[in-house]
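Chemist: coords please:
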Amino acid sequence: MNVLLQRIFAKLVRTGNLTVTGPDGRPHRFGDGSGEPVHMLIRTRRAERAITFDPTLAVPEAYMDGEMDIVEGDIFGFMRIAFQNLGNGTVDAAWSRAIEGLRVALRRFQQVNTAARAKRNVERHYDLSGDLYRLFLDSDMQYSCAYFAEPEMTLEEAQLAKKAHIAAKMRLKPGHSVLDIGSGWGGLGLYLARSFEAQVLGVTLSTEQHAVATERAQAEGLDGHVHFEIRDYRDLVERFDRIVSVGMFEHVGVNHYRTFFDNVAKRLKPDGVMVLHSIGRFGPPTATSAFIRKYIFPGGYIPALSEVLPAIEKSGLMVTDVEILRLHYAETLKHWGKRFAANRDKAKAIYDERFCRMWEFYLAASEAAFRWQDLMVFQIQLTHRNDTLPLTRDYIGKCEKALAMHEMAHRETTPAGKTTRRGKVGDKE
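Modeler: The predicted structure follows:
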């Protein structure tokens, strides 16, 4: 291993138990020996050079290409050591700071998400085979942070709790019109229609997700209440009682926040409520991970609240509630990672080995980032007026309890394996 890379590892890894073997076959140990041991093997000189000068991109690329492997421990263990030590601020290599500074400077150019470009970006990720996502998501195909109201919840239970938590914050009433921006595979829209008999329009830019969501609505007999369309949020002209957006705002791009909230303000009725659920960060604005931007979410960006709130203020909307979900996404990703590992051979049959290694790195690095870096999930509730909602947050918990009882009653009266329409929750909250 070259001397420069040795120095970088020695400066970075103050705690933990990391062994790195370079192309010369000589092992080097770093850290204080604490924790589970991790052994990283760099197979080629090319990978060694790349990791030296741009580790944030070169490490995942080398792993994807098989030029770097973890021969003891796993990728998650390696990311744990890296992120826990990065939190100490021990890295100050001039070239690393320069590369990261350039990425921050270029982020607005990378996030010019016009309607056409936004659709292309969506196709890169969300139009992957639905069979791939079925390998690791819950049965409702919720591809966003679950809500672990109880630590021992299963993934299915936590995703159901997430939908109930969001619905409660929306303060839905029977017959309300709802806009779901970024409707995914349709799970949330179908849930709102089943539980409240709401009239839901779900919009997405993913052809794959639109097809699955439409098929699900028809199969459940809910196509009279839920309609899914391939439309950009900027093209909407209707007005709605309620608006919700889960896991879509990360794809808007920092250049378009004002446009997004201006459109929400126009589409939301005077007495309406919106709930926005998005990944965010505790710290100040920064750039998207080079690996994530290049391979996973092109055009994506995780905002700081300091970037979001000014755009809301300028739109004329009022922030009536903000909740930060800290480790919920780490737990969600842990479940996804285990399910993907259990179905790895099936994923490889759909794509290939390089894709599986890329996806493994994505899930592991993301979980580690939510555990040991500055990532979180925020839920922001918005209205036009400050008297739209009750004076206290008690209505949220009451509605969640009513929804839980509604769900339990439905399960007790529905034969196993059969899907039926449910009665509305109504005003029970």
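Chemist: where does the stretch 101-250 of the chain have low pLDDT?
Modeler: 101-127 (pLDDT under 70).
Chemist: quick check: the gap between the residue nearest the centre of the chain and Pro23.
Modeler: Per Cα atoms, centre = their mean, the C-alpha nearest to the average position across the chain is that of Ser144, at 4.8 Å. Ser144 sits 41 Å away from Pro23, going by Cβ to Cβ, to the nearest Å. (Glycine included, C-beta is placed from N, CA and C.)
Chemist: ok so, going back, which residues does the residue nearest to the centre of the chain contact?
Modeler: By Cβ atoms under 8 Å, 6 or more residues apart in numbering, the contact list for Ser144 reads 162, 184, 246-247, 277.
Chemist: figure out how far the longest strand seen in the chain is from the centre of its chain.
Modeler: Looking across the chain with DSSP state E, the single longest strand is strand 268-281. Taking Cα atoms, centre = their mean, to the nearest Å, the mean C-alpha location of strand 268-281 is offset from the chain mean by 17 Å.
Chemist: quick one: the residue nearest to the centre of the chain is in a strand?
Modeler: No - counting by DSSP: H, G, I helix; E, B strand; the rest coil, Ser144 is not found in a strand; it is coil.
Chemist: now stretch 279-286 - C-alpha only, CSV.
Modeler: Output of stretch 279-286 as CSV, limited to C-alpha atoms (Å, rounded to 0.1, in the frame of the first residue of the first chain):
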residue,chain,number,x,y,z
ILE,A,279,-34.8,12.8,4.3
GLY,A,280,-32.9,15.8,5.7
ARG,A,281,-29.7,16.6,7.6
PHE,A,282,-29.0,18.0,11.0
GLY,A,283,-26.0,19.9,9.8
PRO,A,284,-25.5,22.7,7.3
PRO,A,285,-26.0,22.4,3.5
THR,A,286,-23.5,20.2,1.7
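Chemist: I'd like the distance from that stretch to the chain centre, please.
Modeler: Relative to its chain's centre, stretch 279-286 lies at 14 Å (Cα atoms, centre = their mean).
Chemist: again, but for stretch 347-360
Modeler: Per Cα atoms, centre = their mean, the centroid offset for stretch 347-360 relative to its chain is 20 Å.
Chemist: how long is that stretch from one end to the other?
Modeler: Length of stretch 347-360, first residue to last, Cα to Cα, to the nearest Å: 11 Å.
Chemist: same question, stretch 180-192
Modeler: This stretch, stretch 180-192, spans 10 Å end to end (Cα to Cα).
Chemist: now the helices for the stretch 251-400 of the chain?
Modeler: Using DSSP state H, counting those that start in this stretch, the helices found in the stretch 251-400 of the chain span residues 257-267, 290-291, 305-315, 328-342, 344-350, 353-372, 394-413.
Chemist: quick check: phi and psi at the residue nearest to the centre of the chain.
Modeler: phi -160, psi 170 (degrees, to the nearest 10).
Chemist: and it, how close does it get to Gly397?
Modeler: 22 Å.
Chemist: and Phe355, how close does it get to Phe53?
Modeler: 26 Å.
Chemist: swap in Arg326?
Modeler: For Arg326, the distance to Phe53 equals 34 Å [Cβ to Cβ].
Chemist: between these two, point out the one with more neighbours.
Modeler: Neighbour count, other Cβ atoms under 10 Å: between Arg326 and Phe53, Phe53 has more, with 15 against 12.
Chemist: so what does the more buried one look like in phi/psi?
Modeler: Per degrees, to the nearest 10, the backbone of Phe53 is at phi -100, psi -20.
Chemist: before we move on, back to that, of the helices of the stretch 251-400 of the chain, which is nearest Asp65?
Modeler: Closest to Asp65 of those, according to Cβ to Cβ: helix 353-372, at 6.9 Å.
Chemist: sorry, back to before: so which of the contacts of Ser144 are in strands?
Modeler: 246, 277.
Chemist: next, the nearest residue to Glu407 once chain neighbours are set aside: secondary structure please.
Modeler: Sequence neighbours aside, Leu160 is the residue nearest to Glu407 in space, at 6.9 Å (criterion: Cβ to Cβ, 6 or more residues apart in numbering). Of the three states, Leu160 takes helix according to three-state DSSP.
Chemist: could you give the number of residues near Leu160?
Modeler: 24.
Chemist: how about Asp394?
Modeler: Residues near Asp394, counting by other Cβ under 10 Å: 10.
Chemist: where's it relative to Val200, distance?
Modeler: Distance from Asp394 to Val200, by Cβ to Cβ: 26 Å.
Chemist: for Lys314, same thing?
Modeler: 28 Å.
Chemist: pick out whichever of the two has more residues nearby.
Modeler: Val200 (27 against 13).
Chemist: doesn't Tyr191 make contact with the more buried one?
Modeler: No - the criterion here is Cβ atoms under 8 Å, and Val200 misses it with Tyr191 at 9.4 Å.
Chemist: hmm, back to that, how about the helices of the stretch 251-400 of the chain, which one is nearest Ile81?
Modeler: Nearest of the helices of the stretch 251-400 of the chain (Cβ to Cβ): helix 353-372, 9.3 Å.
Chemist: got a list of contacts for the closest one?
Modeler: Contacts for helix 353-372 (Cβ under 8 Å, 6+ apart): 60, 63-66, 74-76, 79-80, 82-84, 87, 136, 289, 291-292, 295-296, 327, 329-330, 333-334, 336-337, 340-341, 344, 347-348, 375-376.
Chemist: return the set of buried residues in it.
Modeler: Buried residues in helix 353-372, counted by 16 or more other Cβ atoms under 10 Å: 355-372.
Chemist: just how off-centre is it within its chain?
Modeler: Relative to its parent chain, helix 353-372 has a centroid offset of 13 Å by Cα atoms, centre = their mean.
Chemist: where exactly do the strands run in the stretch 151-300 of the chain?
Modeler: Using DSSP state E, counting those that start in this stretch, the strands found in the stretch 151-300 of the chain span residues 177-181, 199-204, 226-230, 240-246, 268-281.
Chemist: tell me what the first one is packed against?
Modeler: The elements that strand 177-181 packs onto, with contact taken as 3 or more Cβ pairs under 8 Å, 6 or more residues apart in numbering; DSSP states H and E, are helix 187-196, strand 199-204, strand 240-246.
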